[in-house]
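1. predicted model and sequence below, questions to follow.
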Amino acid sequence: MKTLAPERGGRARMHEPDFVAIRKDFPIFQRKVHGKPLIYLDSTATTQKPVQVIDALDHYYKTFNANIHRGVYAIAEEATARYEEVRGKVAKLLNARSPHEIVFTRGTTESINLVSNAWGRKNVGPGDVILLTEMEHHSNLVPWQILAAEKGAQLRFIPIDGQGRLDLSGLDALLDGPVKVVSLTHLSNVLGTINPVAEIARRAHARGAIVVVDAAQSLPHIGVDVRALDCDFLAFSAHKMLGPTGTGALYGKRALLDAMPPFLGGGEMIREVKLEGSTWNETPWKFEAGTMNIADTIAFGTAIDYVETIGFEAITKHSRELVELTFRLLGEIPGVTIYGPPVEERGGIVAFSLDDIHAHDIATVLDHDGVAVRAGHHCAMPLHRKLGVVATTRASFYVYNLPSDIAALAEGVGKAKQLFHR
């Protein structure tokens with residue numbers, strides 16, 4: 001990680017990143033599993049952490065651990081400044097208009113629940129329509145189901161076609177009537193599909209609906225520009241982009257955030273409290289009740305720096321090369337079915353099945369070779385029903401993965417086939 005070139009905003013960017021060298025920044029790859037070197041192919045669930053992020057977390061607790069926004073002593077002011085600095089980094093990362101459009105949360109799930117509760121309860125009523133897609137993660141499905149049941153609203157779904165793309169041929173009909181919100185994933189956590197969010201947002205806005213985007217997978221893999229997408233809200237998690245667990249953010253257009261009531265009540269989110277009632281802090285702090293996840297948010301700022309040094313263009317190219325290799329090697333194994341669109345239309349995710357062998361059995365065989373993959377419905381049960389399978393095995397990649405990892409995956413899948421079909 002030595003060769004750097006300037007990037008927009010002045011940050012140094014790696015010139016032709018050396019992914020072998022990058023892997024050495026991740027201490028977890030020094031360990032073994034079942035006597036074999038760890039090969040981690042589950043980055044869609046959570047990414048591993050570089051030593052720089054781990055050190056940032058350690059540094060906070062060792063040198064300036066204090067609560068934010070309240071103390072007037074030196075380390076409290078330092079903690080506040082470092083925490084708010086990350087808000088600015090996130091705003092720049094997303095190309096938001098202002099740091100005031102960034103609300104820190106525990107991650108994608110909490111961010112979507114914040115919108116469904118604070119915006120949804122105020123704006124959605126009986127007979128209104130909430131439009132989702134058939135490929136949503138449960139985090140972008142269940143909160144809207146709860147809201148619809150409470151308010152007497154109707155759920156509609158954009159279908160997927162045979163290759164795992166959204167079928168937009170009937171979108172105008174789906175947008176007909178009192179559609180209040182369209183909420184969709186930018187990049188499917190199962191199919192890897194990159195959805196045309198900007199086009200859907202344009203058509204939804206023409207019908208008066210707001211657009212909520214689940215960017216849990218897209219932000220780490222391809223980057224996100226909220227102004228180019230013209231979404232109204234966008235949710236993501238730090239831990240899927242080399243940051244710690246338990247922190248993330250919600251982007252929201254300022255006018256919408258200002259008009260929304262708080263999501264949680266307590267300290268920090270208030271301006272004035274009397275026994276009879278309270279007034280709220282300004283946006284975004286009115287949505288950040290209590291003591292926030294200070295240390296992990298600060299460490300996430302370090303993760304953003306790390307990712308931006310590599311650059312999203314390089315990350316996208318690297319992931320696509322690994323996906324292409326996965327398609328080729330798994331495609332040589334009879335009985336393998338890969339779900340989703342072609343390589344050029346997806347992020348670094350490959351979900352597959354092998355004959356009638358259960359995904360958990362495949363994952364168990366792979367684990368004995370030190371290869372970690374995800375097996376199951378990946379919090380997308382309705383999508384798996386649509387695909388006609390109970391579960392899939394999913395391999396997902398990030399900056400620390402190498403072609404040798406894919407070779408080990410294919411070898412393990414071949415072993416599973418031999419073991420269960422002798």
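-> Nice, I can see it.

2. now P143: phi and psi?
-> According to degrees, to the nearest 10, the main-chain angles of P143 amount to phi -60, psi -40.

3. quick check: closest non-adjacent residue to the residue with the shortest distance to the centre of the chain.
-> Taking C-alpha atoms, centre = their mean, the centroid of the chain lies closest to A216, which sits 1.1 Å from it. Once flanking residues are discounted, A216 sits nearest to T108: 4.3 Å by C-beta to C-beta, 6 or more residues apart in numbering. All C-beta spots, glycine's among them, are computed from the backbone N, C-alpha and C.

4. so for the helix or strand where L409 lies, mean pLDDT?
-> Using DSSP states H and E, L409 sits within helix 403-420. Averaged over helix 403-420, pLDDT sits at 96.

5. what of stretch 57-67?
-> Here the average pLDDT along stretch 57-67 is 96.

6. ok, residues contacting that stretch?
-> Residues outside stretch 57-67 that contact it (C-beta atoms under 8 Å, 6 or more residues apart in numbering): 73, 75-76, 78-79, 82, 244, 291, 294-296, 298-299.

7. helices or strands next to the strand or helix carrying E77 in the packing?
-> Using DSSP H and E, E77 maps to helix 74-94. For helix 74-94, the packing partners by 3 or more C-beta pairs under 8 Å, 6 or more residues apart in numbering; DSSP states H and E come out as helix 51-63, strand 102-105, strand 248-252, helix 294-310.

8. and A204, which of the ones you listed is closest to it?
-> A204 lies closest to strand 248-252 among the helices and strands packed on helix 74-94, at 15.9 Å (C-beta to C-beta).

9. what is the orientation angle of the closest one with helix 294-310?
-> In terms of direction (axes from the mean of the first three to the mean of the last three C-alpha atoms, to 10 degrees), strand 248-252 departs from helix 294-310 by 80 degrees.

10. just give me how far strand 248-252 sits from the chain centre.
-> Put simply, strand 248-252 sits 11 Å off its chain's centre (C-alpha atoms, centre = their mean, to the nearest Å).

11. C-terminal to that strand, what's the next element?
-> Counting by DSSP H and E, the element after strand 248-252 in chain order, helix or strand, is helix 254-259.

12. could you pull up the mean pLDDT of the helix or strand just after that following helix?
-> Using DSSP H and E, the next helix or strand after helix 254-259 towards the C-terminus is strand 270-274. Averaging pLDDT along strand 270-274 gives 81.

13. could you do stretch 140-153 as well?
-> Mean pLDDT, stretch 140-153: 98.

14. what's that stretch in contact with?
-> 112-113, 116-117, 120-121, 124-130, 132, 154-155, 180-181, 183-185, 212, 214, 382.

15. any low-confidence regions in the stretch 201-350 of the chain?
-> Residue ranges of the stretch 201-350 of the chain with pLDDT under 70: none are present.

16. go with 80
-> 267, 269, 273, 279-281 (pLDDT under 80).

17. dump the residue contacts of G335.
-> Per C-beta under 8 Å, 6+ apart, neighbours of G335: 354-355, 417.
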